[in-house]
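**Q** This is the structure alone, sequence omitted:
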């Protein structure tokens with residue numbers, strides 16, 4: 001398995017809309033394994049393929065404390081959302097270190113395909129419902145900070161750009177052969 005590079009906000013590739021998965025092959029299985037390893041290492045509870053510059057409708061989620069209940073959602077669609085709304089404190093591997101309240105449906109019912117291409121439906125609430133909606137946004141080219149005020153969003157954008165420049169500067173100043181700092185986000 002391979003650790004993948006997580007795109008950081010405000011990278012424009014995060015705004016690409018993902019295309020449906022049509023091939024359920026070994027390449028897809030490897031991508032799922034690599035995404036899961038990347039998500040666990042970061043550490044996070046969800047990761048969309050868009051965040052690793054693969055613009056297909058693929059999401060991995062594991063909200064368990066033990067990190068042993070990986071769920072794979074392919075061609076994910078929300079088919080019902082409760083009228084009840086809740087505000088959850090969200091973070092994102094593409095916006096490391098930033099957390100803020102986002103209002104979302106308290107429950108959602110989703111339809112998706114599993115890794116073998118078999119359809120399934122799931123009713124989700126609490127953290128799983130939040131993760132599904134958050135990752136679904138990524139597939140639609142939206143990052144959670146877009147729910148925040150323009151002022152907050154601009155401050156976050158400036159902070160992320162500054163951190164990116166610092167990372168690039170530290171990577172370019174490392175001596176030849178020295179390990180370079182990774183670009184994988186953390187939450």
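**A** Cool, got the structure. Quantities reported herein were computed from a predicted structural model and do not represent experimental measurements.
**Q** Run a quick neighbour tally on the closest residue to residue 123 other than its chain neighbours.
**A** The shortest distance from residue 123 to any non-neighbouring residue, by CB to CB, 6 or more residues apart in numbering, is to residue 109 (5.0 Å). Heads up, the C-betas are built off the backbone N, CA and C, glycines and all. Residues within reach of residue 109, counting by other CB atoms under 10 Å, total 17.
**Q** repeat for the one 10 residues further on
**A** Close neighbours of residue 119, defined as other CB under 10 Å, add up to 10.
**Q** For the helix or strand bottoming out on mean pLDDT in the chain, buried residues please.
**A** Between all helices and strands in the chain, the lowest mean by mean pLDDT, DSSP states H and E belongs to helix 150-173, at a mean of 91. Residues of helix 150-173 classed as buried under the neighbour-count rule (16 or more other CB atoms under 10 Å) are 153, 156, 160.
**Q** Stretch 143-152 too?
**A** 143-145, 147-148.
**Q** what bits of the chain have low per-residue confidence?
**A** Applying pLDDT under 70 to the chain flags residues 174-187.
**Q** show me where it has helices.
**A** 26-41, 126-139, 150-173 (DSSP state H).
**Q** quick one: the second one to chain centroid distance?
**A** Yep, that's helix 126-139 we're talking about. Centroid displacement of helix 126-139 relative to its chain, using CA atoms, centre = their mean, to the nearest Å, is 9 Å.
**Q** excluding its backbone neighbours, what's nearest the residue minimising distance to the centre of the chain?
**A** For the chain, residue 47 is the residue whose C-alpha lies nearest the centre (CA atoms, centre = their mean; 3.2 Å). Taking CB to CB, 6+ apart, and ignoring the residues beside it in sequence, residue 47 has residue 39 as its nearest neighbour in space, at 4.1 Å.
**Q** coming back round to it: for the least confident helix or strand of the chain, enumerate the helices and strands it packs against.
**A** When contacts are defined as 3 or more CB pairs under 8 Å, 6 or more residues apart in numbering; DSSP states H and E, helix 150-173 packs onto strand 95-105.
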